[in-house]
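Q: predicted model, plus sequence, below.
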Amino acid sequence: MAFSRTGLPMRPDKASLKAPPVCEPTASRGVRPWRAFFSTALALAVVFVAPALPARAGTIEATIAGDVRVSVRGCPAGCLSRAGDGVLVSIGDDRVVVRRDMLAINGSERPERAFREILVDAGGWGMTVAIDGMTIVARSELDGLRSAAATGNSLALNDLALRLATGVGMPRDVPRAADLYRRAATSGVTEAARNLGILLWNGDGLPADRAEAVRWFRRAAEVGDPTSRRMLAAALARGLGTAPNEDEARRWLEAAAEAGDAAAMNDLANLLKRSPVPDLSRAALLHRDAAEKGLAVAAANYGFDLWNGDGVDRDRRLALGFFEQAARGGSVPAMAMLGQAYRGDGGGAGDPAVAAHWLEKAAMAGDGEAANTLGAMHLSGEVAPRAEALRWFSLGAERGHAAATRNLALLYRQGFGVARDTDRARKLLTLAAARGSRMAAADIAAIEAGDSQSPQLASTAGR
């Protein structure tokens with residue numbers, strides 16, 4: 001039996017790996033075709049945002065009777081005033097009165113002796129008071145947030161909705177979060193309009209309504225929110241929730257990219273690459289600029305630009321650097337590409353150990369093709385141990401990869417590294433054929449005919 005990307009002779013009656021197989025010459029393996037990887041997926045990532053609180057003063061200080069210092073952090077203008085022989089701190093509904101030997105918080109007096117320093121911190125929705133370094137909570141962050149939201153504070157409505165949507169600090173309640181987002185957005189909070197759009201787009205916890213999501217994205221986009229502009233462009237480009245309009249999609253991406261949104265730069269670059277009149281040079285520049293902002297998917301795309309010479313001089317050594325940057329940022333295609341490149345595909349520098357390292361990362365992250373390739377490497381002896389081929393073909397099959405499914409079937413058919421099981425091999429071959437394997441049908445016919453000739457291990461190109 002011959003397994004590999006071409007074939008490896010095997011002993012059909014043995015379940016253990018013994019004599020090393022002899023690899024037949026392989027056809028050109030090549031590198032998987034370049035695909036533009038977009039930042040804004042069809043299911044938008046949940047990137048709920050809380051707006052910044054209104055600008056407040058830093059630290060305002062006052063001195064009482066020459067020896068007691070009162071400091072207030074996060075205090076709006078006018079929050080600190082004299083009150084008889086003491087000081088009054090007024091922040092929202094909260095009141096703190098400080099005198100030489102008395103501290104009152106919201107009407108509750110706390111006799112204190114010989115204190116010298118009071119710090120009132122109201123930088124968030126809550127408030128704490130520190131007496132000579134000992135902190136007491138006057139109002140918790142959540143209580144303050146709820147109180148502010150109850151008064152109709154639009155920023156508090158968005159922040160409370162954010163907690164409800166994500167289940168942070170309270171039980172998750174998406175329908176209520178959507179209602180609060182809607183109230184805040186109607187009051188003019190741009191982030192709330194975007195957040196509501198995301199909820200409605202994804203339909204996570206409430207029925208999806210992409211048409212309404214697009215309306216909220218548009219509302220936020222029209223007042224300059226770069227992320228909403230990118231999301232609106234994604235909807236327009238795909239015709240989801242609105243009529244498709246690639247020209248308008250490009251205009252919104254241009255606006256978001258000009259504002260410095262790295263994901264918009266990446267998506268605009270991909271739009272330019274696939275347009276009727278491609279602008280490969282500008283696309284490569286946009287990929288590079290977005291990569292320099294730390295966007296992993298853009299680093300992967302710029303790596304492909306450099307690898308293939310699309311819009312930029314071909315430089316495969318430099319491309320590897322961008323693939324590694326992208327892989328460190330979690331890009332699975334970049335991990336898989338590094339595996340192929342270090343295997344020597346496409347003229348890369350051959351280093352099987354490094355190739356296996358990156359292919360394993362890609363396979364564990366869900367790339368079925370990487371799992372299949374890694375299985376072939378183990379089976380061919382490029383990396384040890386050969387028995388690991390079973391593990392990786394199995395993982396590739398779990399990922400739905402047609403070639404890996406067929407290769408796993410062939411292991412069971414011949415009992416290579418596993419007990420021989422013709423029935424299981426037949427079932428796997430049937431599944432492989434359903435997944436698109438062109439060779440699986442012939443393998444099934446060979447089993448039925450009792451043909452003992454060695455079939456060829458499936459690759460992605462010839463499966």
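A: Yep, that arrived.
Q: looking at the protein, which helix or strand is least sure?
A: strand 59-64 (a mean of 76; mean pLDDT, DSSP states H and E).
Q: list the buried residues of that one.
A: Buried residues in strand 59-64, defined by neighbour count with 16 or more other C-beta atoms under 10 Å: Ile60, Ala62, Ile64. (Each C-beta comes from the backbone N, C-alpha and C, glycine too.)
Q: just those now: which is nearest Gly339?
A: Using C-beta to C-beta, Ile60 is the member of these that lies nearest Gly339, at 58.7 Å.
Q: touching, that closest one and Ser81? I think so.
A: No - using C-beta atoms under 8 Å, Ile60 makes no contact with Ser81, being 10.6 Å away.
Q: quick check: Ala341 is in a strand.
A: No - using DSSP: H, G, I helix; E, B strand; the rest coil, the secondary structure at Ala341 is helix, not a strand.
Q: what is the burial count for it?
A: 25 (other C-beta atoms under 10 Å).
Q: and for Arg420?
A: Neighbours of Arg420 using other C-beta under 10 Å come to 16.
Q: repeat that for the one 5 residues further on.
A: Counted with other C-beta under 10 Å, residues neighbouring Ala425 total 22.
Q: hang on, it packs against Asn407?
A: No - counting by C-beta under 8 Å, Asn407 is not a contact partner of Ala425; they are 10.9 Å apart.
Q: against Ala353, how distant is Ala336?
A: 16 Å (C-beta to C-beta, to the nearest Å).
Q: more crowded one of these two?
A: Between Ala336 and Ala353, counted using other C-beta under 10 Å, the more crowded position is Ala336 (26 against 10).
Q: quick one, grab the pLDDT at that one.
A: Note on Ala336: pLDDT of 98.
Q: go on, Ala36?
A: 61.
Q: also the one 5 residues further on?
A: Model confidence at Ala41, given as pLDDT, is 49.
Q: give me the next element, helix or strand, following the one helix or strand Ala362 maps to.
A: In the assignment (DSSP states H and E), Ala362 maps to helix 352-364. Counting by DSSP H and E, the next helix or strand C-terminal to helix 352-364 is helix 368-380.
Q: let me know the angle separating the helix or strand following that following helix from helix 352-364.
A: Next in sequence after helix 368-380, counting helices and strands by DSSP H and E, comes helix 388-398. Per axes from the mean of the first three to the mean of the last three C-alpha atoms, to 10 degrees, the angle that helix 388-398 makes with helix 352-364 is 30 degrees.
Q: picking up where we left off before, alpha carbons only: can I get the least confident helix or strand of the chain in PDB?
A: Listed next in PDB are the C-alpha coordinates belonging to strand 59-64 (Å, rounded to 0.1, in the frame of the first residue of the first chain):
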ATOM      1  CA  THR A  59      -7.600  66.400  41.700                       C
ATOM      2  CA  ILE A  60      -9.000  69.500  43.500                       C
ATOM      3  CA  GLU A  61      -7.700  70.200  47.000                       C
ATOM      4  CA  ALA A  62      -9.000  72.300  49.900                       C
ATOM      5  CA  THR A  63      -7.600  72.800  53.400                       C
ATOM      6  CA  ILE A  64      -9.700  73.100  56.500                       C
END
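Q: which helices and strands sit right next to it?
A: In terms of contacts (3 or more C-beta pairs under 8 Å, 6 or more residues apart in numbering; DSSP states H and E), strand 59-64 is packed against strand 68-73, strand 80-83, strand 86-91.
Q: which strands or helices does the last one pack on?
A: Strand 86-91 is packed against strand 59-64, strand 68-73, strand 80-83, strand 94-99, with contacts defined by 3+ C-beta pairs under 8 Å, 6+ apart.
Q: using TSV, lay out these together with distance to Thr227.
A: Listed next are those as TSV, based on distance: least, C-beta to C-beta, whole Å:
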stretch	distance to Thr227
strand 59-64	33
strand 68-73	30
strand 80-83	37
strand 94-99	34
